[in-house]
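> here's a sequence, model it:
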Amino acid sequence: MTLPISAERVSTSRLTLNVLSVPGSAGDPVVFVHGNVSSSAFWRSTMTAIAAEGFRPYALDLRGFGDTDPEPVDASRGVRDYSDDLVALLDVLGPAHLVGWSLGGGVVMQALRDRPAAVLSATLVNPVSPYGFGGTTGPDGVLTSPDGVGSGGGATNPEFVAALRAGDTSADSPVSPRTVLRATYVAAGTDLGEEEDAFVESMLSTRIGEDHYPGDSLPSDAWPNVAPGKRGVLNTIAPTNFRIDDLHEIDPKPPVLWIRGDQDVIVSDTSLFDLAHLGAIGAVPGWDGTPAQPMVTQTRTVLDRYGTYREVVVEGAGHGPHLDRPEEFRAALLAHLRR
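Have a look, this model is predicted:
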């Protein structure tokens with residue numbers, strides 16, 4: 001029998017969050033944090049599965065996504081508008097296991113960095129690099145340009161933004177949310193079944209604009225001529241605003257599970273969303289030799305310094321292993337939570 005999921009508005013010291021939970025579940029709390037252009041809806045199946053295994057799951061909508069208050073996002077703080085909202089929820093729930101996917105992985109890393117005592121364990125699911133998304137090179141995240149060129153609000157496809165704004169539910173365009181879901185959120189050929197419509201609806205809950213998705217941008221003299229601004233989602237993970245290279249200094253050090261799909265085309269050392277890699281393969285004109293960002297290598301470098309972690313690679317999974325390889329994902333997550 002599938003356990004029911006309820007949604008409620010939870011008031012915190014910062015804003016009112018939409019939070020999913022499983023009524024009647026008991027055990028350690030586990031808080032799930034979704035990725036960019038999504039919402040808590042992407043965690044529903046995982047929540048019911050772990051509730052049946054003796055845990056108390058919650059999933060929040062980040063500000064500007066789903067049904068949480070659409071407060072503006074100050075990207076000059078990196079992801080701290082999101083992570084501080086998460087910590088405010090932990091002030092209500094108490095210490096919890098945190099599970100973050102993609103952008104949510106960066107949010108969990110920041111919460112771990114800023115409030116380690118509130119984190120029982122952390123699980124990073126295909127997380128954004130600790131050095132942000134775009135604009136860096138090498139294992140230690142060296143900026144390719146001082147202004148972070150190639151990252152931030154101007155580094156996304158404007159046609160995809162237009163499709164989100166228009167509420168496009170079709171699969172008629174290569175940049176429609178449904179097509180992007182099928183082609184990049186999961187491994188090619190994955191059948192999402194009856195959940196697919198709910199996932200598309202979740203993507204379309206994304207607030208559009210300079211204070212939300214994608215954010216603002218600035219011109220740059222360096223290729224590809226777009227630099228990050230200080231507002232909105234994509235600028236929260238621009239390398240000029242977000243950098244976590246001192247995670248190994250926190251105390252205590254909760255155990256970390258890093259789980260990723262080996263077919264991920266979003267967070268990768270050869271990401272199809274990294275303008276530098278796209279330039280190298282001829283998909284973006286004018287490439288000047290700027291190296292691609294080694295995202296996976298950067299995460300491993302930071303976690304190697306941290307020490308208390310385990311890496312699990314799910315074969316055949318894409319950016320969302322909880323979606324296309326749910327059994328393997330849940331087995332790894334439950335083993336981590338029980339340890």
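> contacts and neighbour counts: CA atoms only from here.
Noted.
> give me the neighbour count for the nearest residue to Thr48 once chain neighbours are set aside.
Excluding the flanking residues, the one nearest Thr48 by CA to CA, 6 or more residues apart in numbering is Leu3, at 5.8 Å. By the criterion of other CA atoms under 10 Å, Leu3 has 15 neighbours.
> so which residues of the stretch 1-150 of the chain form strands?
6-11, 16-21, 29-33, 56-60, 96-101, 119-125, 136-137, 142-143 (DSSP state E, counting those that start in this stretch).
> give me the distance from the second one to the chain's centre.
How far strand 16-21 lies from its chain's middle: 18 Å, per CA atoms, centre = their mean, to the nearest Å.
> circling back: out of the strands of the stretch 1-150 of the chain, which is closest to Val312?
With CA to CA as the measure, strand 119-125 is the member of the strands of the stretch 1-150 of the chain nearest Val312 (9.8 Å).
> mind listing the helices for the chain?
44-51, 80-93, 103-114, 158-166, 177-180, 196-203, 233-236, 275-280, 295-306, 321-324, 326-338 (DSSP state H).
> circling back to that earlier point, for the strands of the stretch 1-150 of the chain, which one sits closest to Tyr306?
Comparing those by CA to CA, strand 119-125 comes nearest, at 12.4 Å.
> so what touches stretch 74-93?
The contact list for stretch 74-93, computed with CA atoms under 8 Å, 6 or more residues apart in numbering, reads 12-15, 29, 62-63, 73, 96, 106-108, 110-111, 115, 118, 211, 229-233, 235-238, 241-243.
> surely Val119 touches Leu112?
Yes: using CA atoms under 8 Å, Val119 is in contact with Leu112, at 6.5 Å.
> for the strands of the stretch 1-150 of the chain, could you give me TSV that also reports distance to Arg260, mean neighbour count and mean pLDDT?
Shown next, in TSV, are the strands of the stretch 1-150 of the chain (distance: least, CA to CA, whole Å; neighbours: other CA atoms under 10 Å; pLDDT from 0 to 100):
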stretch	distance to Arg260	mean neighbour count	mean pLDDT
strand 6-11	28	14	97
strand 16-21	24	22	98
strand 29-33	15	27	98
strand 56-60	20	26	98
strand 96-101	10	25	98
strand 119-125	6	25	98
strand 136-137	21	24	98
strand 142-143	23	16	98
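> among those, which is nearest Pro174?
Within the strands of the stretch 1-150 of the chain, the stretch nearest Pro174 is strand 96-101; the backing value is 23.6 Å (CA to CA).
> tell me what the closest one is packed against?
strand 29-33, helix 103-114, strand 119-125 (3 or more CA pairs under 8 Å, 6 or more residues apart in numbering; DSSP states H and E).
> possible to save these as CSV with distance to Gly289?
Below are these laid out as CSV (distance: least, CA to CA, whole Å):
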stretch, distance to Gly289
strand 29-33, 35
helix 103-114, 27
strand 119-125, 30
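> pick the most buried one from the helices of the chain.
Stretch with highest mean neighbour count among the helices of the chain: helix 233-236 (a mean of 33; mean count of other CA atoms under 10 Å).
> minimum distance to Asp288: which of the strands of the stretch 1-150 of the chain has it?
Nearest to Asp288, of all these, is strand 136-137, at 14.3 Å by CA to CA.
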